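# Give me coordinates for this.
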Amino acid sequence: MPPPAVQLAETLPPRLLRFFQRFPPPALTPNRPVKPSQIPVVASTTSSADPNAPALESATPEAPLSAPVEPELPYHNPFQPRKNYRTGKWHGPVYGLRQQADLVKVAQKYGVLDLLPYTIKKPGEKEKRRIERGLMVKGTGVGQKVKGKLWERTLKGRLDKRREAMLNMPALIQEWKQKGHGRGWKKWPK
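Got it, this is the predicted structure:
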């Protein structure tokens, strides 16, 4: 009886098989030595002398503990651009966004989505990035205002003027009656 990986490979469409032949997932590659960058660092929260004292050491700031540790691949991620550090030029991804979306759809259909390398086309990645980055609209941050149209910017002032005019209306009517119902009424009060 063939192993489950072989049975799974027999059911996959040729497009996915070609992708996995060219870029084998780390779960199916032979055992490689684990690099120190793949081992998560756990720091103690208290010092050894006093259990109630705060910790002086912490985990490395560039690698938070909550972030998933991506296994290092023997090849570059075919879904992301990469830089040639000798020449300084960037090379585009092997698979464009449309091809990435197609591969993700097929992999999701066959239940092998977890074997694909990281791509922004995986389900849930957009929501995760939006949660991490927040709503990137100018003026929605703390202490910021959206510019808006002229009528939107001046609306509050105009409504305040109207409210003041309505509150002063009884006095204005009384003044109008005292001045002779319009006789001697100045068009523009100073």
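# Now the helix or strand encompassing W151: average pLDDT?
Using DSSP states H and E, W151 sits in helix 150-167. What helix 150-167 shows for mean pLDDT is 96.
# Just the residues contacting that helix, thanks.
The contact list for helix 150-167, computed with CB atoms under 8 Å, 6 or more residues apart in numbering, reads K147, L172. Where you see a C-beta, it was placed from the backbone N, CA and C, and this is true even at glycine.
# what distance separates it from the middle of the whole chain?
38 Å (CA atoms, centre = their mean, to the nearest Å).
# Heading C-terminal from it, find the next helix or strand.
Following helix 150-167 toward the C-terminus (DSSP H and E): helix 169-178.
# Return the distance of that following helix from the chain's centre.
59 Å.
# P117: neighbour count?
20 (other CB atoms under 10 Å).
# the domain parsing of the chain - what is it?
Following automatic domain parsing, one gets these domains for the chain: 1-33+73-125, 148-182.
# Lowest average pLDDT across those?
Minimum mean pLDDT among these: domain 1-33+73-125, a mean of 87.
# just to revisit the earlier point, using CSV, lay out the domains of the chain together with distance to G139.
Shown next, in CSV, are those (distance: least, CB to CB, whole Å):
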stretch, distance to G139
domain 1-33+73-125, 26
domain 148-182, 8
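# Comparing those, which comes out most buried?
Of all the domains of the chain, domain 1-33+73-125 has the most neighbours on average by mean count of other CB atoms under 10 Å, namely a mean of 13.
# In PDB, could you pull the C-alpha coordinates for the helix holding W151?
What follows is helix 150-167, C-alpha atoms only, in PDB (Å, rounded to 0.1, in the frame of the first residue of the first chain):
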ATOM      1  CA  LEU A 150     -15.400  72.900   1.400                       C
ATOM      2  CA  TRP A 151     -19.000  72.700   2.300                       C
ATOM      3  CA  GLU A 152     -18.200  69.800   4.700                       C
ATOM      4  CA  ARG A 153     -15.400  71.800   6.400                       C
ATOM      5  CA  THR A 154     -17.600  74.900   6.900                       C
ATOM      6  CA  LEU A 155     -20.800  73.100   7.800                       C
ATOM      7  CA  LYS A 156     -20.300  73.200  11.500                       C
ATOM      8  CA  GLY A 157     -19.700  76.900  11.500                       C
ATOM      9  CA  ARG A 158     -22.700  77.700   9.400                       C
ATOM     10  CA  LEU A 159     -24.900  75.500  11.700                       C
ATOM     11  CA  ASP A 160     -23.600  77.400  14.800                       C
ATOM     12  CA  LYS A 161     -24.400  80.700  13.100                       C
ATOM     13  CA  ARG A 162     -28.000  79.500  12.400                       C
ATOM     14  CA  ARG A 163     -28.400  78.300  15.900                       C
ATOM     15  CA  GLU A 164     -27.200  81.600  17.300                       C
ATOM     16  CA  ALA A 165     -29.500  83.500  14.900                       C
ATOM     17  CA  MET A 166     -32.500  81.400  16.000                       C
ATOM     18  CA  LEU A 167     -31.700  82.000  19.700                       C
END
